[in-house]
Structures are given as C-alpha cells and as structure tokens.
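Enquirer: Sequence and predicted structure below; questions after.
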Amino acid sequence: MSSGPVVECVPNFSEGRDVAVIEAITAAIRSAPGVSVLDVDRGEATHRTVVTFVGAPEAVLEGAFRGIAEAARRIDMRGHSGAHPRIGATDVCPFVPVSGLTMEDCAALARRLGARVGAELGIPVYLYERAASRPERVNLAEIRAGEYEGLSAKLADPNWAPDYGPAAPSEVTARSGATVIGARPFLIAYNVNLNTRHKGRANKIAALVREKGIIRRDAQGEMVRDEAGNVVRDPGLFQSVKGLGWFIEEYDRCQVSLNLTDHHKAPVHDVYDAIRRVADEEGVVVTGSELVGLIPGDALLAAGHHYLRRQRLNPGAPHSEVIETAIRTLGLRELAPFEADQRIIERRIAPDGPLVKKTVRAFADALSSSAPAPGGGSVAALCGALATSLAAMVAQLTTGKKGYEAVFAAQEKAALQAQALKEAFLADIDADTRAFDGIMAAFALPKATEADKAARGAAIQAATRHAIEVPLGVLLRCVAAVQAVEIALSGNSNARSDVGVAALTLRTAAEGAWYNVCINAKDLSDDASVRAYRAQADAALDEVRSRAEAVSAAVRAELDGASRR
C-alpha cells in the first residue's frame, strides 16, 4: 500500500446469489490500477454483496466507477428481491477516509463519481451523508424510502430530483434503479443473532436500541400522535445506530441488523450487551453475532478490554489476546469462521512485515548475514518492543495481587500504554528496513541526463528524510515508553529485575535510534532540517537516558540490598 493518501470504498451491490456476477463486478473493481480489494461479503438471503477496497483516491474513484458500470450491465432489478432495503443495482457507494485525506476530500470524490455515473451510465444518483446536497438527503434511509419499487414515483417528485443523472424513469432506471453515493466515517455493519424465528420480536429489539427508537403506543395498542398528527417515537438506547429486525432463511433464525455509524459513540460491545438485556426481557436469547465486511481494530480492542475488565483482569494484555477475547465473547464465529487478520481493516491494509513474522532464530540469522538490512535501526525498534513488553508483563503480574490494590489503576493504564507502544515499535522494525531499501532504490535511479540527475538527487534527499524520521519516531516513542517502565517500579516486587531489564533495553533502543538519526542526517543537504532533527533527537535521548538511569539505579539499589541480607 502506498504511503500517500488512502481512501476506502464500500459499494453494496444488489446481487448475493449469482457467484459469476459477483466475481465479474469484483474483477472490474480490481482492474483499476492501484486498487486493493480487501473483502467480498456475499449474503444470499439479503441478496446483496458488500465489497471493501482501498487505494489512492484516483485509483479508488476509477475502481468504483468500473464496479458500478459492471453492476449496471449484469444486474436487472426488475427481478430482484431480498431481505435488505435497496434502491438500485449498486445500492450505495460510500467513500471513507483512511489516512492522508479529509472527509471533505471524500465528499469531493463522491460528487465526481456521481457526476460521471449520471452522465456516462444514465443512472440517477443521490448524494448522502457528508456529501449530501441538502439536509433531508443526509440519511440514507430517507433516500431509500420506497426502495426500488418506489423509484418511479420518487423521480416524478421535484423534491426528489436526483443530484446527477436523469430525473425521469427510463429503460436504464427500470433495469439498474438509482445509486446513492456519499462520504462517511467508518461504518460497522453488524448483525446480532437471535434464537427466534419471530420477525416481530427482532424488529422490536432493534427499535429499542436504534437511534430512531420505537413508536409509542397507548394502552389499547394504538399509535400515539402529537398535536400535528405526527407519530410519536420513544428514542432508542444509542445514538449513531440504525437497525431493523429480519428473518434469515439460510440461518433459520432472526437477526437484529445494525449499522453503527460511529462506533466511538455506540461501541460494539455496549450495543451487543444492551441487545442481550433487551432480548432477555422479550424472552429471546442472543446466541452470537456476525460482522459484515471489515471492522476497525480499535473497535475490537475496546470490546476485548471491556470484557477483560468485567473478569477483573488487567486489560493491558497482548492485542492478539484482547481481540480473541472480543471475538469469543461477541460470538463472531457462530455462523462462519472469523479470522482477525482478514477482518480488521488495519491488518489488511498494513499487515505485519516480513521481519516481524520471522522466528527469533530466523531474525538473528538475517541480522548476522552479509545483507546490510536489517541492521541497527531494526534492532533499536526491537529493543523498544521488548522493553514495553516487559513493562506490560509487570503490570499483568501486579493486577489482582494482594497488597497492590492502591496501584491497580496505574498498572492498568501502564499496561494499555505499553501494549500500544509495543505494536508501534514492532511496526518500526520493518519500517526501518524499508527506509534503507528506499535509499538504495533512489541511488539506483538513472543519471544519464541532467533531468535524470535532478530527479535522482531529489529522490535521494526525500528517501534520506524518511530514513531519519523513522528512527526519530522510535526515539520519541521511547520517551513515551519511559513512563510505563517507571510505573512498573511500583508493581510486583518479584518482578523487579524485569523492570531493570526494561529500563536497560529501553535505553538501548533510544541510543540505537539516535545513532541512526545521526548517520542518516549526515547525508541530508538541508542544514536547517539537520539542526532541527538533531535538536529533537538530542533532547529525547537526554530524557530517556536520565529517566531510565533513575529506574536502573532504584532497581540496583533494591536488588543489591536484598541479595546482601
């Protein structure tokens, strides 16, 4: 994946049964250079497929258009039916910012795609969410009201003229329907499994938790209306949650089908726990859940931390253990296999690098070979990962230990911080080697002409900056990691030697990173930048040295006194 801006696109196609059609649409998306398809989630009962792909903005824009065009050729909506609401062959196509661009950038992409789809394919296009042209079109459900079957009436209403494309029914609209295109934050499509076949129960449970809420009824069961005649609703338990209940024939059960539009306001685990409580009041049992598409890693980490705390355990466990706790507790494997590396978006975009995947022996062998990389920079990052691993271990050994109750909260905070830093240090192991490879690639560029030489020189300087900034990042991360090591000093005294090793290893990480900043800085031609980099590096190293040495001194004094008794 490019280090430049990355955008995600998640088109939903109204075909979940014909594998050949789905493969053709997916192949069309993949044919756009620079696009990476991360997930294809096919639903037979919903008759719907959700494709998730990422790339640079222009590549994703092209991939989205090719997918919509292929869907228009392959899908005839006149014979379509399924459990999920839909308005067209490509029902909805949102852009989601991943890195290096804003929501407005994604809204601009949505408008460009909408204009092209309307002009070249003759499909009516409505803009929604952050790209919406008017307030009443922000909500996808409002645009999709009446679904495909009501599209002709919608097009006849001047208030519902599309943002792009034809405003009148045609052979194209009869076949392909309309498409809704927009920009939004990351959405988690999430279904909770119930042990009932009664759709009414599932709908009620969904209404009680979703933001829209449930219709208020009087003692006779009649809908309550306000003075203007509008139906009165009691709000649901969560904001940023859309939901409905449905029966899925292939599972022979009902589900509460949810869209979590902001998982920070409505965390997956809180919604799941609430549905369990509400379902129980309805005499229904939640048996597990199902993720449609991908999920941000922080959403599963938050769930795992939540359930570890409920077990009165320190949530600052290794991320793999935390995520596995979330997967098992949420029942995400009830209906199908669930592999975290395949379903967490960050792991699909930036999986562990080849060095991190090696065994200890294989890494040491690679390090001891004649190859110039991996080298000292990768070792410095590894030392940072080892130091923070030790700090987290001490915190784990302290939580729940009698006599340490006063420091439980501090140890939990330190463990969480240490685990997050450990993950970043691990990523730096491969990042440092890639930075070195980048310099070598720049030096290998042609230099036959003056233009070649200029381009080569600029590339070398850009690669050199990156080779400075990677170890500088390791060094600055060491400053953040010192706090976790310091807190470990108040932890379980039986692990005091581990605290000492953590301090020594962290200092080694900082010293090693400083060396790599300096050796690369000598090749940078911009003196002002060199001075700025060195000032940052020197200050960070001084802080790590002094604080790590204070921890080491405290450990030496304690262990020396204990061993002399």
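Expert: It's in.

Enquirer: low-scoring stretches of the chain, by residue?
Expert: Counting by pLDDT under 70, the chain shows low-confidence ranges at 1-3, 563-565.

Enquirer: That one - how does it break down into domains?
Expert: The record's domain parsing of the chain by automatic domain parsing lists 6-183, 188-346, 360-563.

Enquirer: distance of residue 335 from residue 293?
Expert: To residue 293, residue 335 is 15 Å away according to C-beta to C-beta, to the nearest Å. For glycine as for every other residue, the C-beta is placed from the backbone atoms N, C-alpha and C.

Enquirer: And residue 236, by the same measure?
Expert: To residue 293, residue 236 is 23 Å away according to C-beta to C-beta.

Enquirer: re the thing from before, with respect to residue 354, which of the domains of the chain lies nearest?
Expert: domain 360-563 (6.7 Å; C-beta to C-beta).

Enquirer: Run a quick neighbour tally on residue 208.
Expert: As a burial measure, residue 208 scores 23 neighbours (other C-beta atoms under 10 Å).

Enquirer: Would you mind confirming that it is in contact with residue 237?
Expert: Yes. Contact criterion C-beta atoms under 8 Å: residue 208 and residue 237 qualify, at 6.6 Å.

Enquirer: shared neighbours of the two, which are they?
Expert: Jointly contacting residue 208 and residue 237 under the rule C-beta atoms under 8 Å, 6 or more residues apart in numbering are residue 278.

Enquirer: List the buried residues of stretch 122-135.
Expert: Under the neighbour-count criterion of 16 or more other C-beta atoms under 10 Å, stretch 122-135 has 123-132 buried.

Enquirer: Cross the residues you listed against strands and list the overlap.
Expert: Among those, the members found in strands (DSSP state E) are 125-129.

Enquirer: and the nearest residue to residue 336 once chain neighbours are set aside, what is it in contact with?
Expert: Among residues not flanking residue 336 along the chain, residue 290 sits closest, at 7.4 Å (C-beta to C-beta, 6 or more residues apart in numbering). Going by C-beta under 8 Å, 6+ apart, residue 290 touches 190-193, 255, 332, 334-336.

Enquirer: what's the farthest-apart pair in the buried residues of stretch 122-135?
Expert: For those, with distances taken as C-beta to C-beta, the pair at the greatest spread is 123 and 130 (21.2 Å).

Enquirer: With distance to residue 354 added, can I get the domains of the chain in TSV?
Expert: As requested, the domains of the chain are arranged in TSV below (distance: least, C-beta to C-beta, whole Å):
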stretch	distance to residue 354
domain 6-183	18
domain 188-346	15
domain 360-563	7
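
Enquirer: So for residue 353, which of those sits nearest?
Expert: Closest among the domains of the chain, using C-beta to C-beta: domain 360-563, at 2.7 Å.

Enquirer: Tell me the gap between that closest one and the middle of its chain.
Expert: The chain centroid and the centroid of domain 360-563 are separated by 25 Å, computed with C-alpha atoms, centre = their mean, to the nearest Å.

Enquirer: Repeat that for stretch 128-139.
Expert: Centre-to-centre, stretch 128-139 and its host chain are 24 Å apart (C-alpha atoms, centre = their mean).

Enquirer: Check stretch 75-91 too.
Expert: Centroid separation for stretch 75-91 versus its chain: 28 Å, with C-alpha atoms, centre = their mean.

Enquirer: Which positions within that stretch qualify as buried?
Expert: Neighbour-count burial for stretch 75-91 [16+ other C-beta under 10 Å]: 75, 77, 80, 82-91.

Enquirer: Show me the strands in the stretch 101-250 of the chain, by range?
Expert: Under the criterion DSSP state E, counting those that start in this stretch, strands of the stretch 101-250 of the chain are mapped to 125-129, 179-183, 188-194, 214-215, 233-234, 241-248.

Enquirer: My read is that residue 55 contacts residue 7, right?
Expert: Yes. Here residue 55 reaches residue 7: they are 7.1 Å apart, a contact under C-beta under 8 Å.

Enquirer: What residues of stretch 136-146 count as buried?
Expert: Going by neighbour count (16+ other C-beta under 10 Å), the buried part of stretch 136-146 is 137-138, 140, 143-144.

Enquirer: now do stretch 479-493
Expert: Buried-residue list, stretch 479-493, by 16+ other C-beta under 10 Å: 479-492.

Enquirer: for those, which one is nearest residue 21?
Expert: When those are compared for distance to residue 21 (C-beta to C-beta), residue 480 wins out at 50.1 Å.

Enquirer: Now do the contacts for the closest one.
Expert: Per C-beta under 8 Å, 6+ apart, neighbours of residue 480: 417, 421.

Enquirer: swap in residue 373?
Expert: Residue 373 is in contact with 432-433, 436-437, counting by C-beta under 8 Å, 6+ apart.

Enquirer: between those residues, which has the most around it?
Expert: The contacts of residue 373, ranked by neighbours (other C-beta under 10 Å): first place residue 432, 28 neighbours.

Enquirer: so it sits in a helix?
Expert: Yes. Judged by DSSP: H, G, I helix; E, B strand; the rest coil, residue 432 forms part of a helix.

Enquirer: Distance of it relative to residue 468?
Expert: 11 Å.

Enquirer: likewise residue 445?
Expert: For residue 445 relative to residue 468 (C-beta to C-beta), the value is 20 Å.

Enquirer: quick revisit: can you go through the contacts of residue 290 and name the buried ones?
Expert: Neighbour counting by 16+ other C-beta under 10 Å classes 190-193, 255, 332, 335 among these as buried.

Enquirer: Closest to residue 455 out of these?
Expert: residue 190 (48.1 Å).

Enquirer: I'd like to know how many residues surround residue 240.
Expert: For residue 240, using other C-beta under 10 Å, the count is 17.

Enquirer: okay but it is in contact with residue 268, surely?
Expert: No. Here residue 240 lies out of contact with residue 268, judged by C-beta under 8 Å, at a distance of 11.8 Å.

Enquirer: what residues do the two have in common as contacts?
Expert: Common contacts of residue 240 and residue 268 (C-beta under 8 Å, 6+ apart): residue 260.
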